[in-house]
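Colleague: would you be able to build a 3D model of this:
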Amino acid sequence: MPKCDFCRRETAVKKCKIIDDMGTRYRNLCNDCITKLGAQSHIDILDETEEETAARAAIIGDVKLTTSPSFEGYRIVDYKGIIFDETLTGIGIRTVAKSLGDMFASLTGEQMHAITDRINELETELIDRMRKKAVAQGANAIISIDFERTIPGGNAVMVSASGTAVVIEKITEEQ
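Modeller: Got it, this is the predicted structure:
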């Protein structure tokens, strides 16, 4: 039986390409380690079938989200902990090209659509990463989600998000 390169357990493994601040490397990982490391790094599973990829994406996509501290029709059965993620991104040429019309909007006090669109893209990326972190902690929902947006310099945008990873279950009539 093969061993996972990360946890060293003898179990089924998948060939993975890991991309993070340490660079790109290839490892054989078990499903548990793929889930845990996937919350912190970009992982491409090289020998996963389309069905396995779809099942993994469905688990991550099924994580329920809310900005409130509870879910209507569900009860919280376990708190897994606070999750947080942030991104600091340059405005970039793509956004600058789209925002040529926004130059005048900033002078007249109107909405700057290109930058607003970029902030919305960053928030969507953060939600995807927070969902992965929630699954890695064994949660199926994130409550009390909060976003903070900052423009620290003339050509950068920082977006951060936080929430609490929880396990919820549907309330049935018997409960």
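Colleague: identify the residues contacting the nearest residue to residue 48 once chain neighbours are set aside.
Modeller: Leaving aside its sequence neighbours, residue 48 sits nearest to residue 14 (C-beta to C-beta, 6 or more residues apart in numbering; 5.8 Å). From N, CA and C alone the C-beta is placed, and that goes for glycine too. Counting by C-beta atoms under 8 Å, 6 or more residues apart in numbering, residue 14 makes contact with 28, 29, 30, 31, 34, 45, 46, 47, 48.
Colleague: mind running it again at 10 Å?
Modeller: Residue 14 makes contact with 2, 4, 27-31, 33-34, 43, 45-48, 52, according to C-beta atoms under 10 Å, 6 or more residues apart in numbering.
Colleague: quick check: longest helix of this protein.
Modeller: In the chain, taking DSSP state H as the definition, the longest helix is helix 113-136.
Colleague: hey, C-alpha coordinates of that helix in PDB?
Modeller: Listed next in PDB are the C-alpha coordinates belonging to helix 113-136 (Å, rounded to 0.1, in the frame of the first residue of the first chain):
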ATOM      1  CA  HIS A 113     -17.400  50.300 -12.200                       C
ATOM      2  CA  ALA A 114     -14.100  48.600 -13.100                       C
ATOM      3  CA  ILE A 115     -12.700  48.800  -9.600                       C
ATOM      4  CA  THR A 116     -16.000  47.800  -8.100                       C
ATOM      5  CA  ASP A 117     -16.000  44.700 -10.400                       C
ATOM      6  CA  ARG A 118     -12.500  43.900  -9.400                       C
ATOM      7  CA  ILE A 119     -13.400  44.000  -5.700                       C
ATOM      8  CA  ASN A 120     -16.400  41.700  -6.400                       C
ATOM      9  CA  GLU A 121     -14.100  39.300  -8.100                       C
ATOM     10  CA  LEU A 122     -11.700  39.300  -5.100                       C
ATOM     11  CA  GLU A 123     -14.500  38.700  -2.700                       C
ATOM     12  CA  THR A 124     -15.700  35.700  -4.800                       C
ATOM     13  CA  GLU A 125     -12.100  34.300  -4.700                       C
ATOM     14  CA  LEU A 126     -12.000  34.700  -0.900                       C
ATOM     15  CA  ILE A 127     -15.300  33.000  -0.400                       C
ATOM     16  CA  ASP A 128     -14.000  30.000  -2.500                       C
ATOM     17  CA  ARG A 129     -10.900  29.800  -0.300                       C
ATOM     18  CA  MET A 130     -12.900  30.200   2.900                       C
ATOM     19  CA  ARG A 131     -15.100  27.300   1.800                       C
ATOM     20  CA  LYS A 132     -12.000  25.100   1.300                       C
ATOM     21  CA  LYS A 133     -10.800  26.100   4.800                       C
ATOM     22  CA  ALA A 134     -14.200  25.300   6.300                       C
ATOM     23  CA  VAL A 135     -14.200  21.800   4.700                       C
ATOM     24  CA  ALA A 136     -10.600  21.300   5.900                       C
END
